[in-house]
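In: what's the 3D shape of this:
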Amino acid sequence: MKYSAIILLIFLGACRETPKEKSEVESVVMQTDSLQPESTTIEENDSLKSQEEEPFVLTEENAIDFFFNYQKGLPTTRVKLTTNLGNFTVELFDNVPYHKANFIYLTKQGYFNNTMFHRVVKDFIIQGGNADNKETARKRREIGRYLLPPDTRKGHKHHRGTISMPSSEMDNPHMLASPYEFFIVVTKPGSYHLDGNYTPFGRVVEGMDIVDLINQQPVDDGDWPSRNIYIQKAEIVK
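Out: Here you go, the predicted structure:
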């Protein structure tokens, strides 16, 4: 009878321990499954993907570093501008790296396409790269808002056929350049009073007669051509 009681107690104790062990196993599995729910992982991936797809925009803070790296290894480059009055080609100077890189970058971005020669001053300059349309404003927003420092001590002068960059119309005591516009000198032999204030970054090597033709077009009191003169396309050529 004494041994029977002991066996019964052992049996009852074993029965009580079994549910406890099972409960602990179930608890661990549930905690493990709840560490990384599937929905959280998907949201994190979507967030990372969204960040990767954000478009690059140039700013005052990143423009110089960007063009410093962009200009590395760029070959001597020519850009052909097709207008509704004819074509001409400019060759960009290698030793004015930021302005050269900027012009190439904007050309490859398609910025100059469908802009205009919006200012024509007789026997002085033609100025292009702007337009009073929504498309040009949209392109500027997407590319970014920035200025370029002048680079006037590389030995280039404003000879006839020189392409140079105007300064910004913003409060601009340091004559920082407006990167979206350019002007071409038509004065014979040149407009040397501009030296030191603006940055020559190339010269017309083909089609100077077309530049002269643009300069001969009638204008209103604000030097805006009476009929729009479009840059239909700008493209890199060898």
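In: Would you map the strands across the chain?
Out: 78-83, 86-92, 115-121, 125-130, 162-165, 182-185, 199-206, 230-237 (DSSP state E).
In: My read is that Q232 contacts T83, right?
Out: Yes - proximity of Q232 to T83 meets the contact threshold set by Cβ atoms under 8 Å, at 6.3 Å. Just so you know, the C-beta spots here come from the backbone N, C-alpha and C atoms, and that holds for glycine as well.
In: which regions of the chain sit below the pLDDT cut-off?
Out: 1-53, 168-174 (pLDDT under 70).
In: okay, now the domains of it?
Out: The chain breaks down into these domains under automatic domain parsing: 2-52, 70-237.
In: Give me the residue at the spatial middle of the chain.
Out: With distances taken as Cα atoms, centre = their mean, I143 lies nearest the centre of the chain, 4.0 Å away.
In: any idea how far it lies from L106?
Out: Plainly put, I143 is 7 Å away from L106 if you go by Cβ to Cβ, to the nearest Å.
In: sorry, back to before: looking at Q232 and T83, which one has more neighbours?
Out: Legend: neighbour count by other Cβ atoms under 10 Å for Q232 and T83, higher for T83 (22 against 13).
In: now the more buried one, nearest residue through space, not along the chain?
Out: Leaving aside its chain neighbours, T83 sits nearest to I231 (5.6 Å; criterion: Cβ to Cβ, 6 or more residues apart in numbering).
In: now swap in T77 and tell me
Out: Among residues not flanking T77 along the chain, L92 sits closest, at 4.9 Å (Cβ to Cβ, 6+ apart).
In: Can you verify my assumption that the one you found contacts F201?
Out: Yes - counting by Cβ under 8 Å, L92 touches F201, with 6.0 Å between them.
In: Overlap in contacts, those two.
Out: Counting by Cβ atoms under 8 Å, 6 or more residues apart in numbering, the residues touching both L92 and F201 are K100, F103.
In: okay, now the closest residue to M175 other than its chain neighbours: neighbour count?
Out: Leaving aside its chain neighbours, M175 sits nearest to S167 (4.5 Å; criterion: Cβ to Cβ, 6+ apart). As a burial measure, S167 scores 18 neighbours (other Cβ under 10 Å).
In: Name the residues linked to S167 by a beta bridge.
Out: Beta-bridge partners recorded for S167 (DSSP bridges): A177.
In: Can you tell me how far it is from L92?
Out: Distance of S167 to L92, computed by Cβ to Cβ: 19 Å.
In: before we move on, what about E181?
Out: Taking Cβ to Cβ as the measure, E181 falls 16 Å from L92.
In: Those two: who's more crowded?
Out: Higher neighbour count among E181 and L92: L92, with 23 against 19, using other Cβ under 10 Å.
In: Surely the residue nearest to T83 touches L85?
Out: No - if you go by Cβ under 8 Å, I231 and L85 don't touch, sitting 10.3 Å apart.
In: out of those two, which sits in the more crowded spot?
Out: Shown here are I231 and L85; by other Cβ under 10 Å, I231 has more neighbours (19 against 16).
In: need the contact list for the more buried one.
Out: Counting by Cβ under 8 Å, 6+ apart, I231 touches L81, T82, T83, F112, N113, N114, T115, M116, F117, G128, G129.
In: which non-adjacent residue is nearest the last one?
Out: The reference is to G129. Per Cβ to Cβ, 6+ apart, closest to G129 is E181, 3.8 Å.
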